[in-house]
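1. Coordinates for the following, if possible.
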Amino acid sequence: DLTHSNLFQKPKPKISASRRLFLKTKLLKKAMTMLESEKQAKASERERVLAERVPGLQLSGLSLQELQTFCKDLHKKIDKVDEERYDLAAKVTINDKEIQDLSQKIFEMKGKMKRPALKRVRVSADAMLGALLGSRVKESVDFKSHLKTVKKEEEKVREADVELLSNLCGRIKLVFDSTKTLLLCSIS
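-> Here you go, the predicted structure:
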């Protein structure tokens, strides 16, 4: 029953397309109403804060001289705020440039300090001893050749043992044969 087309078909969704569309539109409408209420709350909060911090101007009943001095004071305050804003903007641009320069230096240093990928390296016994002991090791140590000579010496000892045993066996045989002949001779 399992065919190629049955194996790769998408499972049918548990919610119908019309129900899914209805839920999506309902969610969008709810989001729009929440967004509108948030905008209204922000606007009312702004008006409340401005009413607290900046009282309304009472310009009625002021003379021309008083209005001029009020405007001059207002212009001075505006100039002072503009200067402070300019100073802050200048400090921000200086700090931004410094941050950019430092990040560029870090990037350059990473490029210079790029380490190669480590590889497995076979190190000879001489190099290992030189690394461990420093320059004190002057004669070369060849462990492999030492092992070969030990093996050769062991082989020589084994060969000598085999020869001794074979000679001994031959002697025993000779003794055995001679005793046998002696025995035969004594019996007859």
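2. quick one: low-confidence ranges for the protein?
-> 1-9, 13, 113-116, 118, 121, 134-188 (pLDDT under 70).
3. now for the longest helix belonging to it, which elements pack on it?
-> Identified as the longest helix of the chain according to DSSP state H is helix 64-112. The helices and strands touching helix 64-112, judged by 3 or more CB pairs under 8 Å, 6 or more residues apart in numbering; DSSP states H and E, number zero. To be clear about C-beta, it is placed using only N, CA and C from the backbone, and glycine gets the same treatment.
4. Show me how the record splits the chain into domains.
-> 16-55, 62-112 (the TED database).
5. Strands of the protein, start to end?
-> Assigned by DSSP state E, the strands in the chain number zero.
6. what are the C-alpha coordinates of stretch 77-90, in CSV please?
-> Extracted as CSV, the C-alpha positions of stretch 77-90 are listed here (Å, rounded to 0.1, in the frame of the first residue of the first chain):
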residue,chain,number,x,y,z
LYS,A,77,17.4,79.6,26.8
ILE,A,78,16.9,78.1,23.3
ASP,A,79,20.5,79.0,22.4
LYS,A,80,21.8,77.4,25.6
VAL,A,81,19.9,74.2,24.9
ASP,A,82,21.2,74.2,21.3
GLU,A,83,24.8,74.6,22.5
GLU,A,84,24.4,71.7,24.9
ARG,A,85,22.9,69.6,22.2
TYR,A,86,25.7,70.5,19.8
ASP,A,87,28.3,69.6,22.5
LEU,A,88,26.7,66.3,23.2
ALA,A,89,26.5,65.5,19.5
ALA,A,90,30.2,66.4,19.1
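7. At which residues are the helices of this structure located?
-> 4-7, 17-53, 64-112, 125-133, 143-187.
8. Great, nothing more from me.
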